[in-house]
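[1] My questions are about this predicted structure, shown below with the sequence.
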Amino acid sequence: MIEFGKYAGKQRKERGKGEPETFTFLGFTHQCGVTRTGGYFALQRTTVRKRMEAKLQELKQNLRRRMHAAVEVTGRWLGQVLNGYYQYHAIPGNMAALKRFRERIQQDWRR
């Protein structure tokens with residue numbers, strides 16, 4: 001069992017244990033956080049880095065295999081892959097990870 005939730009931060013701070021624990025579930029790291037305005041409890045979810053790196057390596061290999069295919073065909077395929085990835089991972093608070101993912105794909109595409 002881990003301490004997690006609305007009151008975990010306050011309870012752990014009173015005992016001198018530091019920040020609330022995190023856990024990984026369904027490809028996201030779940031963390032306790034607070035809102036900018038008001039300081040209310042907010043669940044923060046970000047993509048697991050290990051999972052994102054694995055997907056990027058897979059896509060990089062596929063792009064290498066498709067190097068001599070028509071640009072339109074490869075672009076259409078890559079658009080479908082990105083759309084599927086975004087549909088799963090596009091949740092509030094995870095936009096920075098999606099931006100990093102897109103930038104890395106752009107780098108691999110240009111190479």
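    Great, that's in hand.

[2] all helices of this protein, in order?
    8-15, 49-65, 71-89, 95-110 (DSSP state H).

[3] Need these in JSON lines (columns: mean neighbour count).
    Any C-beta I mention is one placed from the backbone N, CA and C, and that applies to glycine too. Output for the helices of the chain, formatted as JSON lines (neighbours: other CB atoms under 10 Å):
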{"stretch": "helix 8-15", "mean neighbour count": "13"}
{"stretch": "helix 49-65", "mean neighbour count": "14"}
{"stretch": "helix 71-89", "mean neighbour count": "12"}
{"stretch": "helix 95-110", "mean neighbour count": "14"}
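
[4] Distance to residue 35 and mean pLDDT added to the ones you listed, as a markdown table?
    Output for those, formatted as a markdown table (distance: least, CB to CB, whole Å; pLDDT from 0 to 100):
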| stretch | distance to residue 35 | mean pLDDT |
| --- | --- | --- |
| helix 8-15 | 13 | 74 |
| helix 49-65 | 24 | 92 |
| helix 71-89 | 22 | 91 |
| helix 95-110 | 16 | 89 |
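
[5] Out of those, the one nearest residue 39 is which?
    Residue 39 lies closest, by CB to CB, to one member of the helices of the chain: helix 8-15, at 10.3 Å.

[6] Off-centre distance for stretch 48-61?
    11 Å (CA atoms, centre = their mean, to the nearest Å).

[7] could you dump that stretch to CSV, C-alpha only?
    Extracted C-alpha coordinates of stretch 48-61, given in CSV (Å, rounded to 0.1, in the frame of the first residue of the first chain):
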residue,chain,number,x,y,z
VAL,A,48,6.1,6.7,-18.6
ARG,A,49,9.5,7.6,-20.1
LYS,A,50,10.5,4.0,-20.6
ARG,A,51,7.3,3.3,-22.6
MET,A,52,7.7,6.4,-24.7
GLU,A,53,11.4,5.6,-25.5
ALA,A,54,10.4,2.1,-26.6
LYS,A,55,7.8,3.5,-29.0
LEU,A,56,10.2,6.0,-30.4
GLN,A,57,12.8,3.3,-31.1
GLU,A,58,10.2,1.2,-32.8
LEU,A,59,9.1,4.1,-35.0
LYS,A,60,12.7,5.0,-35.8
GLN,A,61,13.3,1.4,-37.0
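
[8] Lovely, talk soon.
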